[in-house]
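S.K.: Here's a sequence, model it:
(one chain, ligands or ions: 1)
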Amino acid sequence: MVKINKNYNALKESYLFSTTARKIREFQTQNPDKPVIKMGIGDVTKPLTPCVVKALEKASAEMGVAETFRGYGDEQGYGFLREAVQKYYKKIGNVDLDANEIFIADGAKSDLANFTDLFSNDNVIVIPDPVYPVYLDSNVMLGREIVYIEGNEANGFLPMPYEGLKGDIVYLCSPNNPTGAAYNREQLKIWVDYAIKNDMLILYDAAYEAFIEDDNLPRSIYEIEGAKKCAVEFCSLSKTAGFTGTRCGYTIVPNDIVIENKSLNKMWLRRQTTKFNGTSYIVQRGAEAVFSDEGINECYSNIAYYKENAKIIAKALDEIGVWYTGGINSPYVWLKCGMDSWEFFDLLLNEAQVAGTPGSGFGKCGEGYFRLTAFNTRENTIEAMERIKKIFKK
Ligand code: MLT
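M.R.: Take a look at the predicted model:
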């Protein structure tokens, strides 16, 4: 008889963004004349940039010609893309990576979830609250013990390690999803030192690094001395380059990390070569173009557009005196809604036709808060904030 993985019983019935999407769909079906402005899931609205499209077209054409056609790709991703990632790290943070430390992925989400395969289920997992739900759900699926570290207004939603913190693996996300808060160098150094001293592994999600504008905020954890001994970094082109639908990311597994005499890098290679056949050649060529000088300029100009939207959101909240954080080094604005966050979701949807994400969907400490994204168009962002202002003024 087939036996299911009973750990799934401990999960919420559906994934956070599936639940919000269903509620929006239902509202839209019942109210077809009231278009909803979506500021919930962090999906981009700007199309791929011209140099990326050119690279994708060229690579597609190559695939239709016998001489340039490619079948299965290189195991960790094509050399041309790993070299481009190497140069990017050197440029953004003066970080040196070996090519074999870079694994090309189909985004950060899958690698963040799949990396759990490498560890025994009796590890204790430290998870900040609130945080991107994938870290929690993928460990709950394996029945692991979870220890939460609390983010709140007092610590700027940036929990730090404390003496006696029990745990083997900790997830950190900076700039943070959902709060937009970001660790500075001194704070990350404390995390790295704590991890080394306590034999802890840091799984570091850097998916929003391209939004950082403050020089004191590291773009990569490897800017911090010692991080190569204790941290794996995950990154994605979804928000950097509008690849939410195109799918490409990369994971850095340093050669220096050896646990119980096993190289984590070699274990990840073994796992990936068994379970993953790589990101398509065409997409990897598009990703290579992102890292060209032209690509970086084009993508950063889109990011500047989104950050201007974030300023519009922040200004509107200032006008009505609503507490918020984020929105400067991040596309997310985290505001205090002052009520049950799912009720606030329904209120905004029904009364203003604006969709955001309830803070409690990211953890208990998110209750009473709400996340808005800056990824919509300028016009929609302005319109949404006018509507939200009216709700708060009521
Ligand atoms: C989010 O809205 O939190 C993200 O878009 C989700 C993701 O990147 O998977």
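
S.K.: Just give the nearest non-adjacent residue to the closest residue to the ligand within the chain, would you?
M.R.: Per C-beta to the nearest ligand atom, Gly42 is where the chain lies closest to the ligand, at 3.1 Å. From N, CA and C alone the C-beta is placed, and that goes for glycine too. Ranked by C-beta to C-beta, 6 or more residues apart in numbering and with sequence neighbours excluded, the top spatial neighbour of Gly42 is Thr373, at 5.0 Å.

S.K.: Ok, Phe344 next?
M.R.: The shortest distance from Phe344 to any residue that is not its chain neighbour, by C-beta to C-beta, 6+ apart, is 4.0 Å, and that residue is Cys337.

S.K.: Quick check: the gap between that neighbour and Glu308.
M.R.: Between Cys337 and Glu308 the distance is 24 Å, computed by C-beta to C-beta, to the nearest Å.

S.K.: Those two: which has the busier surroundings?
M.R.: Neighbour totals were compared for Cys337 and Glu308, and Cys337 leads with 23 against 12 (other C-beta atoms under 10 Å).

S.K.: can you pull the pLDDT of the more buried one?
M.R.: Per-residue confidence (pLDDT) for Cys337: 95.

S.K.: Is it in contact with Gly366, as I believe?
M.R.: No: with contact taken as C-beta atoms under 8 Å, Cys337 and Gly366 are classed as non-touching, separated by 10.4 Å.

S.K.: shared neighbours of these two, which are they?
M.R.: Contact criterion C-beta atoms under 8 Å, 6 or more residues apart in numbering; residues bridging Cys337 and Gly366 by contacting each: Gly359.

S.K.: you'd agree the residue of the chain closest to the ligand is in a helix?
M.R.: No: assigned with DSSP: H, G, I helix; E, B strand; the rest coil, Gly42 falls outside any helix and is coil.

S.K.: can you count the residues close to it?
M.R.: Look at Gly42: counted by other C-beta under 10 Å, it has 23 neighbours.

S.K.: was I right about it contacting Pro331?
M.R.: Yes: with contact defined as C-beta under 8 Å, Gly42 counts as touching Pro331 (6.4 Å).

S.K.: Can you work out which residues contact both of the two?
M.R.: Overlap between the contact sets of Gly42 and Pro331, as judged by C-beta under 8 Å, 6+ apart, is given by 239, 373, 375.

S.K.: In terms of pLDDT, where does the second one sit?
M.R.: Right, Thr373. For Thr373, the predicted pLDDT is 98.

S.K.: number of nearby residues for the closest residue to Glu367 other than its chain neighbours?
M.R.: Distances taken as C-beta to C-beta, 6+ apart put Ser360 closest to Glu367, at 4.3 Å, once the chain neighbours are dropped. Residue neighbour count, defined by other C-beta under 10 Å, stands at 20 for Ser360.

S.K.: what's near enough to touch the residue of the chain closest to the ligand?
M.R.: 177, 238-239, 244, 331-332, 373, 375.

S.K.: quick one: pLDDT of it?
M.R.: The model's pLDDT for Gly42 equals 92.

S.K.: any idea how far Glu298 is from the residue nearest to the spatial centre of the chain?
M.R.: Averaging the C-alpha coordinates of the chain gives a centre point, and the residue nearest to it by C-alpha atoms, centre = their mean is Ala207 (4.2 Å). With distances defined as C-beta to C-beta, the gap from Ala207 to Glu298 amounts to 19 Å.

S.K.: Is Leu172 part of a helix or strand, or is it coil?
M.R.: When the structure is reduced to helix, strand and coil (three-state DSSP), Leu172 reads as strand.

S.K.: so it touches Tyr183, yeah?
M.R.: Yes: taking C-beta under 8 Å as the definition, Leu172 is a contact partner of Tyr183 at 7.2 Å.

S.K.: who are the neighbours in contact with the closest residue to Lys228 other than its chain neighbours?
M.R.: For Lys228, the nearest residue in space outside its immediate sequence neighbours is Pro254; the separation is 4.2 Å by C-beta to C-beta, 6+ apart. Pro254 makes contact with 101, 222, 228-229, 231-232, 264-265 under the criterion C-beta under 8 Å, 6+ apart.

S.K.: ok, 7 Å please
M.R.: If a contact means C-beta atoms under 7 Å, 6 or more residues apart in numbering, then Pro254 has 101, 228, 265 as its contacts.

S.K.: Most neighbours among these, which one is it?
M.R.: The most neighbours, when these are compared by other C-beta under 10 Å, belong to Glu101, which has 26 neighbours.

S.K.: show me what contacts that residue?
M.R.: 252-255, 265.

S.K.: For Met385, give its distance to Ala374.
M.R.: 11 Å.

S.K.: so what sits against both of the two?
M.R.: The contact sets of Met385 and Ala374 overlap at Ile313 (C-beta under 7 Å, 6+ apart).

S.K.: With adjacent residues omitted, what lies nearest to Pro358?
M.R.: In space, not counting the residues next to it along the chain, Pro358 is nearest to Ser341; the distance is 3.6 Å by C-beta to C-beta, 6+ apart.

S.K.: Now the helix or strand harbouring Lys311: buried residues?
M.R.: Here Lys311 sits within helix 293-320, counting by DSSP states H and E. Neighbour-count burial for helix 293-320, counted by 16 or more other C-beta atoms under 10 Å, picks out 295-296, 298-300, 302-303, 306-307, 309-310, 312-314, 316-317.

S.K.: sec struct for Leu203, please.
M.R.: Reduced to three states with three-state DSSP, the structure at Leu203 is strand.

S.K.: What are the boundaries of the helices in the stretch 251-394 of the chain?
M.R.: Ranges of helices in the stretch 251-394 of the chain, per DSSP state H, counting those that start in this stretch, are 264-275, 281-290, 293-320, 341-347, 378-393.
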